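[1] Structure of the sequence below:
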Amino acid sequence: MPIQEIRAFNRFYTNLIGALDYSRHLYTPYTLTESRVLYELAHSPRTDAADLRAELSLDAGYLSRLLAKFERDGLVDRGPSAADTRRQRITLTPSGREAAALLDERSREAVGTLIAKVPQERRARLVEAMRTVRETLEHTRPVPHEAPVLRDPGPGELGWVVQRHGALYAAEYGWNADFEGLVARIVADFAQDHDPHLERVWIAESDGRPVGSVMCVRDDAPATARLRLLLVEPEARGHGLGDLLVRSVVDFARDVGYREVVLWTNDVLAGARRLYQRAGFTLVAEKPHRSYGVDLVGQDWRLPLRQSQEGSV
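    Numbers count the residues shown, from 1 in each chain. Presented below is the predicted three-dimensional model:
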């Protein structure tokens, strides 16, 4: 029965979104696969051909032919990777970025038209059901070949933190550029003025590339650390990396003498909230607000570290 229901849902949904005739559905000259590759090139920092092949589970020969077509059409440039000359670097040209932006705009319009047909009172249930499906099946994604390791950010990787937050939250929650601007300000403040003994950023690396991040900074309240900018790439979720990042912040805060760790999040980030609960954080306040183009409920969480007054930050 589960197999039959899943197959029936797949048939229903592919018909609903026009997957079998995607170019006509979005009034663009690109198939669903071509559109997906353009999206990855526009939103992912991993632009090597091997990374694209692994992320999209594409045959190497098929992807090579597709990229050759994009190159002939002036959408991409190909060349050896600066990090590893055995790998092929793929970057979008200005024309390629225009094409990707058009696809993104048309896709948003198509989804907006679809959602407009759903009664207002049933939309929250629809979104929650989709999130449940995604989170339930997330653990079936391939495990990264190498266990992630945590390290300090390298050159350019603070920019990666900003870019990935902006891209992932737009794709998964529909948040607009206001959120990316907030992340950029947080990162810029840290880069320009932070105490390396009391504040830190961690980058999680797997298979030679970043797959997650988190930050610990001083809060305005005395002896209080603030956890910020927790992110785990979709392909690295479900294997304990989020718990490791949160635990690293808590252990660091305890070791340097903070008396408590606080954080602010939003109620829609269900996966992150479960991480915080497992680490011992408790919800202390919440308040509705409209930010990043959507209605949200902001939440304050707190974790006492039971430090004595003596010797604390």
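
[2] where do the strands sit along the chain?
    If you assign secondary structure with DSSP state E, the strands in the chain sit at 76-80, 88-92, 149-151, 200-206, 209-218, 224-232, 260-266, 282-291, 294-304.

[3] so where's the longest helix in the protein?
    Scanning the chain for the longest helix, with DSSP state H as the assignment, gives helix 94-116.

[4] Now that one: buried residues?
    Neighbour-count burial for helix 94-116 flags 96, 99-100, 103-104, 106-107, 110 (criterion: 16 or more other C-beta atoms under 10 Å). In this view, the C-beta of every residue, glycine as well, is placed from N, C-alpha and C.

[5] Serialize those residues to TSV and add fields for pLDDT and distance to L182.
    Formatted as TSV, these follow (pLDDT from 0 to 100; distance: C-beta to C-beta, whole Å):
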residue	pLDDT	distance to L182
G96	92	28
A99	92	29
A100	90	24
L103	88	26
D104	87	21
R106	87	27
S107	86	24
A110	86	28
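
[6] Include distance to V232 when you put these into TSV, please.
    Shown next, in TSV, are the buried residues of helix 94-116 (distance: C-beta to C-beta, whole Å):
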residue	distance to V232
G96	28
A99	29
A100	24
L103	26
D104	23
R106	29
S107	24
A110	28
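
[7] Tell me the one of those nearest A177?
    D104 (12.6 Å; C-beta to C-beta).

[8] so how far is T93 from that closest one?
    In this view, D104 and T93 are 17 Å apart by C-beta to C-beta, to the nearest Å.

[9] how close does N15 sit to G212?
    With C-beta to C-beta as the criterion, N15 and G212 are 36 Å apart.

[10] Those two: who's more crowded?
    Remark: of N15 and G212, G212 carries more neighbours, 23 against 11, as counted by other C-beta atoms under 10 Å.

[11] ok, H194 - contacts?
    V217 (C-beta atoms under 8 Å, 6 or more residues apart in numbering).

[12] what's it sitting at in phi/psi?
    phi -150, psi 160 (degrees, to the nearest 10).

[13] All further residue positions should be reported with the first residue as 7.
    Sounds good: first residue 7 from here, last item H200.

[14] Give the burial count for E205, as a bare number.
    17.

[15] what's the answer for the one 3 residues further on, then?
    A total of 22 residues lie near W208 under the criterion other C-beta under 10 Å.

[16] Mind pulling the model confidence for it?
    Confidence at W208, expressed as pLDDT, is 97.

[17] same check, this time on H151
    The model's pLDDT for H151 equals 56.

[18] show me the residues around D54 that make contact.
    Residues in contact with D54 (C-beta under 8 Å, 6+ apart) are 87, 90, 93-96.

[19] ignore the last one, S254
    Per C-beta under 8 Å, 6+ apart, neighbours of S254: 156, 208, 220.

[20] Including distance to F196, could these go into a markdown table?
    Rendered in a markdown table, the data for the contacts of S254 read as follows (distance: C-beta to C-beta, whole Å):
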| residue | distance to F196 |
| --- | --- |
| L156 | 17 |
| W208 | 12 |
| V220 | 12 |
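
[21] so S113 sits right up against Y33, yeah?
    No: using C-beta atoms under 8 Å as the test, S113 is too far from Y33 to be in contact (11.2 Å).

[22] how close does G24 sit to S41?
    Counting by C-beta to C-beta, the gap from G24 to S41 is 11 Å.

[23] pLDDT below threshold where in the stretch 207-319 of the chain?
    Within the stretch 207-319 of the chain, the ranges that satisfy pLDDT under 70 run 313-319.

[24] Pull the contacting residues for D184.
    By C-beta under 8 Å, 6+ apart, the neighbours of D184 are 297-299.

[25] Among the contacts of D54, show me the least confident.
    Among those, D90 has the weakest pLDDT, 60.

[26] show me what contacts the nearest residue to A116 once chain neighbours are set aside?
    Computed as C-beta to C-beta, 6 or more residues apart in numbering, the closest residue to A116 that is not its neighbour in sequence is L32, at 6.2 Å. If you count contacts by C-beta under 8 Å, 6+ apart, L32 has them with 24, 41, 109, 112-113, 116.

[27] For D110, see how far away L32 is.
    10 Å.

[28] related to what we said a few turns ago, quick one: which of G24 and S41 has more around it?
    S41 (20 against 14).

[29] For that one, give me the pLDDT.
    88.

[30] Wait, it touches Y28, no?
    Yes: between S41 and Y28 there is a contact under C-beta under 8 Å: 6.4 Å.

[31] Fine, thanks again, bye for now.
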